[in-house]
Every structure is written in C-alpha cells, then in structure tokens.
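Participant: build me a model from this:
(chains A and B)
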Amino acid sequence: MRRTPRFNINGILVNAAALVLVLSYALPYVYLLMTSIKPAADVQQIPPSFLPAVVSLENFREVLQSSALPKAFASSLAVAVLTTVLSLAVAVPAAYVATQYRRKITTLFLLFALVTRMVPSVSLGMPLFQLLKSLGLLDTIPGLVLAHTSTAVPLALLLMSAFFEGVPKELEEAARMDGCTRFQAFRKIILPVMIGGIAVTALFTFITSWNEFLYALLLTSEATKTAPIVIAEYNSVYGLAWGAMTAAAVLYSLPVIVVTLALQKQIVGGLTFGAVKG
Amino acid sequence: MSGEDRFVLCMLAPALAILGLLVAYPVGLLVFDSFFKVDTITPHIREWVGLKNYIDALTSKRVAESGLRTIQYSVFALFFEFTFGFCAALLFSALPGRSRWHRTVFTLPLMVPPIVAGLLWRFLLVGNIGILNYGLVQLGIIRDPDAIAWLSDEDIVIYSVSFADIWLTTSFVALVSYAGLTNIPKDLLEAARIDGANAFKRFWHVTLPLMRPVIAVIVIVRAVDAAKTFDLIWIQTQGGPNHASEVFSMNIYQRMVRFGDLGEASASGTLFLIVMMLLAAAAYWKIWRPAHA
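Facilitator: Modelled structure (predicted):
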C-alpha cells in the first residue's frame, strides 16, 4: 500500500520531519523511564541529566517493599476486572438489540448513553458518594466497581454498537431458519463472530477503570486505595519522593503501554471507528 | 407485546437498570440536593433553601474565576492539540513509505494514565530540577534555568498545566485525523490536481471540507474532555498556587470535600452538567449537521 506524496516536498524532508516529530514526542516518557532507574539520590541532582550515570533498581525496590503500592495494584486490578466483566455483561446484549432491532426505545437508549458520556465525573461523584454511603459500600471494591461501571457502560455501548453495525441482519435470520430462538442465535452465532470487537471493548473498559482517579479519590480511603491514589500520595506523605514516584509511575503505566503496542492495530481501529464513520 | 419486543426488552433491561441506578438516579439526586442546605458528612439532614445555592454560586468571585480558567485551559489545550495532531496526520499521510512505525510510537501516550502524564510533566517543569528549562538554556532561549517558573507563576500556571494534556491527547487527534484522511478518495485529489489546483488549494477545497465531520467529532470530544479535566491538573498543582490553576471541576470538589458544602457543590455540579450538554448540543447542530445536508 504505497502512498504517493500529497505535497511537493522532497520525500526525505518529510521523512526527517516525521522522525524528529515522533522522537521528540516519545522523549518525555523515555525520560521517565531513565529517571526511574537512577539511584534515588541522583534523581534530584542539579542540573538534571537525561541519562542515568549509574543504573540502579533502588527506586523499584523501595516502592515494591512498601506495603501500600502492591496492595493498591491488587485493588486496581480487581476493580478493573470486575468493572470490565459487569459492563460487558450488560452492554453487549443491549448494543446488539439497539443496532439490529431499531425502534424508538433503542434509539432513545443510545442517545441517552451518548449524553451520559458528557456528564462530568465531579457532578456524578457527589450523588454516587451518597448512594454508596447509604448502601454501606463506601471504601469497598464493589462500591468503586459500581462507580466505574457508570462510566464504562456508556463507553462499551457506543463501541459495541459500532461493531454490531457491521453485522448483517441475515446472520440471525439464517440461524432462526435453522430452528434457533432469538436468544440462541445471539449466543451461539452472533457472539462468536464478534469476539474481536468484544476484546477491544473489554480492553478499553479495563483501561478506563485502571486509569480512573477522581472516583477513587472521592469514594475510597484506607481499605481500597487504587494505584493512582497511592502514586499521587507520594507527594504529601513522603515529601517529594521523585525517585519512588517515577518508579511507581513506570510500574503502573508500562503494562498498559506494552499491551497497547502489541494490539496497536485493533485498538486504533476501535478508537477511530465511531469518529470517522460520523 | 410480540415475542420480538419481549426479546428486545429482555436484552435491554440489565443495561437500563444499571444506567438508571448509576446515572439517572444520581443525576436526579444531584439536582435535588442543589435546592437544599446539606452537609457532606450528614447528607440525611437537609433544609430547603430554594435557589440560594445557585445564586451563591453564580455571584461567587472564586466560582467565576474557576469557570474562566476552565475556558482558558480548554481553548489553549484544544488549539495546540488540534494544530499539532492535524499537522502530524498530514505529515504521516504525506510520507512516501508507510507511516506504520511512526504511528505506533504516536499511539504510546494514548494509553498513558493521566495521573502519570501529570506527574511526568510536573517533573519536567518543576523548579530547580525541571529538565525543560535546562534544555531551553542549552538552546539559548532563556538565560538561566530559573527564568520561567512554570508551575509557581500565577500568571502562566493555567497554561503550563495544559502541556501534559496537549502531550497526552495530540496522538488521539493525529490518529483520528489520519484515519479520516485515508478515507478521502484519491481520485478526487487527483482530479483537482489535473484541473491545476496546487497543494494548498487541494487542501483547502477538497481535503478540509471532506474532513469536516471528523474535525467536528474531534473538537466536540476533546472540548468536553478538556473542560472536565481534574486529575491532570490536580497532580501537578492541586489548583495552586493561590487557586491560580483551580478549574471548575476542582472548585466543585473543594467545596464538597474541603468545605463540606454538598448543597452548593451540587448546584455548581448541576450548572456544569447543563453547560456541558448545551456545549455538545450546540457543537452537534452547528458543526456536524451542515456537513450532512
């Protein structure tokens, strides 16, 4: 798939410009990686240096030996997995009927999901705080899962609807001819075809929950702090521990980045799907 | 009710129940609370105050300032994200070979958690050890590394904290724009070229009009997200120094958590919600629809 240059600029020049752009774009994150492997004392040296003079895993040892961060990672993982499972369980069937059985209620429903995406977390956070408090779910994993689900369900609905748009109605009709009920057709014929789309949606839902900060700040305290909260606290509790903070930030962000790069094609497809079709 | 209708309802019901419990009911409760004097710690004790919370919020200087800052932040961030991202997309699509490798690197910040992006940029900008100023000294742009106090100068901090946002989301703009550009039929551009249109004219009269719906979606999505920003700024400055980077969402958070005034925070939260809806609706009607006409 060779592309012809759209502008009459020398190809080498365009390539060089793209290279400089891309490298400078990656530079800040590379600096984070470099800082995390410096000895703690070197992190705050004046003037700062980009590359570590000595490579040391001191910062990583410190954050992993502290009790707070490993526990926070466990909470973050549990919340993100449960949010993903719950959101997909309700959003996938709903997105299917919303796109394949169009009627007034399904159109209204999708519109409602779209509008929900505009609601600021801080607005929804206050009543969610009261709701969880009255249910006795403040500072618990199920409580935070419910809060994250309020964001994740609309996201999953919109992504899955975009994927279901591509499924021909004939697929279900053929299955019904063979004696399947509507539900069997959905479960046995449609779902297996959609596994790719479901996987991308699951990944997005997971990352949304994994990265979420404000609900975790409002709705949890000692028992179920998630990773971003603990990382933010390196600020106040331990003074300005930049070394530990960068190591924790790397541990928190690198797994997601590696998965993203591995599945880059599918993710970019999922992300640009709805927007470009608009 | 036909069997088909029953099936549709059964499939829809769980999602309806979840959105009802976790979105519709809370929004109702938010609006309800906004008419009461109610404390965050004891939300069951409430006293009807009518529109007082709204009047207080709309006449408060600090609220107005935080609203203005939200606009400054969003416009500044959106302008640079869009310019950088769109130019990067044009550059990628102009690459003689494939731009797959470039786009892979560009995907990277897309998945960086906002809290990490905020932390990282704070580390780049912070006084004494921020490497950015040392870089600017080396390039001869500033005289000494203390010349610009990015995060502690009240006049510029609201723009400084948006660097992290710009870095984080330029890639979203670039990738969505790139996907849009590749959807433009090549024969259209070729036909324009044969008709004697130069590169600029082809861009202005062919590419840009066809990209209009994609641009509309990018602007709506990013403007709404930028206006809602909380975590990215919180980790850099916590709204300081002296509230100079306190945006609207942070102002609401502070009044709920620090001052415990749930009623007034709810009134602001309701206003925030309404503004976001209006913004999205206006953008939808003004920018998006004409492209389909």
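Participant: got a list of what the residue lying closest to A:R117 once chain neighbours are set aside touches?
Facilitator: The shortest distance from A:R117 to any non-neighbouring residue, by C-beta to C-beta, 6 or more residues apart in numbering or on different chains, is to A:P154 (5.2 Å). To be clear about C-beta, it is placed using only N, CA and C from the backbone, and glycine gets the same treatment. For A:P154, the contact set (C-beta atoms under 8 Å, 6 or more residues apart in numbering or on different chains) comprises A:113-114, A:116-117, B:19, B:23.
Participant: which stretches in chain A count as strands?
Facilitator: Applying DSSP state E to chain A gives no strands.
Participant: any stretches of it with poor pLDDT?
Facilitator: A:1-10, A:236-239, A:266-278 (pLDDT under 70).
Participant: tell me the mean pLDDT for stretch B:224-231?
Facilitator: If you average the pLDDT over stretch B:224-231, you get 93.
Participant: now do it: distance to the chain's middle.
Facilitator: A distance of 4 Å separates the centroid of the chain from that of stretch B:224-231, by C-alpha atoms, centre = their mean, to the nearest Å.
Participant: so how far does stretch B:92-103 reach from one end to the other?
Facilitator: 8 Å (C-alpha to C-alpha, to the nearest Å).
Participant: circling back to that earlier point, mind putting the contacts of A:P154 in a markdown table, distance to B:D144 and neighbour count included?
Facilitator: Listed next are those as a markdown table, based on distance: C-beta to C-beta, whole Å; neighbours: other C-beta atoms under 10 Å in any protein chain shown:
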| residue | distance to B:D144 | neighbour count |
| --- | --- | --- |
| A:A113 | 53 | 23 |
| A:L114 | 51 | 15 |
| A:T116 | 50 | 21 |
| A:R117 | 46 | 16 |
| B:L19 | 55 | 23 |
| B:V23 | 52 | 23 |
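Participant: now the residues you listed in JSON lines, with distance to B:I194?
Facilitator: Output for the contacts of A:P154, formatted as JSON lines (distance: C-beta to C-beta, whole Å):
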{"residue": "A:A113", "distance to B:I194": "45"}
{"residue": "A:L114", "distance to B:I194": "42"}
{"residue": "A:T116", "distance to B:I194": "48"}
{"residue": "A:R117", "distance to B:I194": "43"}
{"residue": "B:L19", "distance to B:I194": "53"}
{"residue": "B:V23", "distance to B:I194": "53"}
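Participant: go through those residues and name the one nearest B:F106.
Facilitator: A:R117 (24.1 Å; C-beta to C-beta).
Participant: residue contacts, that closest one?
Facilitator: A:R117 sits in contact with A:154-155, A:158, B:224, where contact means C-beta under 8 Å, 6+ apart.
Participant: and for A:S56?
Facilitator: So A:S56 contacts A:37-40 (C-beta under 8 Å, 6+ apart).
Participant: between those, which sits nearest chain B?
Facilitator: A:K38 (11.7 Å; C-beta to the nearest C-beta).
Participant: hmm, that closest one is touching A:W242, no?
Facilitator: No - contact criterion C-beta atoms under 8 Å: A:K38 and A:W242 do not qualify, at 9.7 Å.
Participant: neighbour-wise, which of these two wins?
Facilitator: Each of A:K38 and A:W242 has its neighbours counted (other C-beta atoms under 10 Å in any protein chain shown); A:K38 has more, 25 against 22.
Participant: per-residue pLDDT, B:A291?
Facilitator: The model's pLDDT for B:A291 equals 47.
Participant: got the CA coordinates for stretch A:106-118 in PDB?
Facilitator: The C-alpha trace of stretch A:106-118 is given here as PDB (Å, rounded to 0.1, in the frame of the first residue of the first chain):
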ATOM      1  CA  THR A 106     -33.400   1.600  21.300                       C
ATOM      2  CA  THR A 107     -32.700   5.000  19.600                       C
ATOM      3  CA  LEU A 108     -33.600   6.900  22.700                       C
ATOM      4  CA  PHE A 109     -31.400   4.400  24.700                       C
ATOM      5  CA  LEU A 110     -28.300   5.000  22.500                       C
ATOM      6  CA  LEU A 111     -28.900   8.800  22.700                       C
ATOM      7  CA  PHE A 112     -29.100   8.500  26.500                       C
ATOM      8  CA  ALA A 113     -25.700   6.600  26.500                       C
ATOM      9  CA  LEU A 114     -24.200   9.300  24.300                       C
ATOM     10  CA  VAL A 115     -25.500  12.100  26.600                       C
ATOM     11  CA  THR A 116     -24.100  10.200  29.600                       C
ATOM     12  CA  ARG A 117     -20.600  10.500  28.200                       C
ATOM     13  CA  MET A 118     -20.900  14.200  28.600                       C
END
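Participant: is it true that B:D146 touches B:N133?
Facilitator: Yes - the pair B:D146 and B:N133 qualifies as a contact (C-beta under 8 Å) at a distance of 7.5 Å.
Participant: so which of those two has more stuff around it?
Facilitator: B:N133 (25 against 11).
Participant: what is the helix or strand harbouring that one packed up against?
Facilitator: B:N133 belongs to helix B:131-138 when assigned by DSSP states H and E. When contacts are defined as 3 or more C-beta pairs under 8 Å, 6 or more residues apart in numbering or on different chains; DSSP states H and E, helix B:131-138 sits against helix B:114-125.
Participant: ok, B:R103 touching B:V176?
Facilitator: No - look at B:R103 against B:V176 with C-beta under 8 Å: they stay out of range, at 11.7 Å.
Participant: quick one: which of those two has more around it?
Facilitator: B:V176 (26 against 22).
Participant: what's the neighbour count on A:Q44?
Facilitator: 17.
Participant: can you report how many residues neighbour the nearest residue to it once chain neighbours are set aside?
Facilitator: In this structure, A:Q44 finds its nearest non-sequential neighbour in B:I129, 5.2 Å apart by C-beta to C-beta, 6+ apart. Residues lying near B:I129 (other C-beta under 10 Å) number 20.
Participant: coming back round to it: from the contacts of A:S56, which land in helices?
Facilitator: For the contacts of A:S56, membership in helices holds for A:A40, with DSSP state H as the criterion.
Participant: where does the prediction get shaky in chain B?
Facilitator: Across chain B (using pLDDT under 70), the flagged ranges come out as B:1, B:96-98, B:286-293.
Participant: quick one: residues contacting the spatially most central residue of chain A.
Facilitator: Centroid-nearest residue in chain A, with C-alpha atoms, centre = their mean: A:I207, separated by 1.8 Å. Applying C-beta under 8 Å, 6+ apart, we find A:I207 in contact with A:80, A:256, B:111.
Participant: same check on A:L146?
Facilitator: By C-beta under 8 Å, 6+ apart, the neighbours of A:L146 are A:128, A:132, A:137, B:22.
Participant: so can I have a markdown table of these showing neighbour count and distance to B:Q72?
Facilitator: Rendered in a markdown table, the data for the contacts of A:L146 read as follows (neighbours: other C-beta atoms under 10 Å in any protein chain shown; distance: C-beta to C-beta, whole Å):
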| residue | neighbour count | distance to B:Q72 |
| --- | --- | --- |
| A:L128 | 27 | 29 |
| A:L132 | 22 | 34 |
| A:L137 | 18 | 38 |
| B:L22 | 23 | 32 |
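Participant: quick one: which of those residues is nearest to A:E173?
Facilitator: Distances from A:E173 to these, taken by C-beta to C-beta, are shortest for B:L22, at 34.9 Å.
Participant: helix, strand, or coil at that closest one?
Facilitator: Using DSSP: H, G, I helix; E, B strand; the rest coil, the three-state assignment for B:L22 comes out as helix.
Participant: do the same with the one 3 residues further on
Facilitator: Under the three-state scheme (three-state DSSP), B:Y25 adopts helix.
Participant: does the residue most central in space within chain B belong to a helix or a strand, and which?
Facilitator: Taking C-alpha atoms, centre = their mean, the centroid of chain B lies closest to B:A226, which sits 1.7 Å from it. Per DSSP H and E, B:A226 falls inside helix B:208-228.
Participant: starting at the chain centroid, how far to the helix or strand following that helix?
Facilitator: As assigned by DSSP H and E, the chain's next helix or strand after helix B:208-228 is helix B:231-237. Relative to its parent chain, helix B:231-237 has a centroid offset of 14 Å by C-alpha atoms, centre = their mean.
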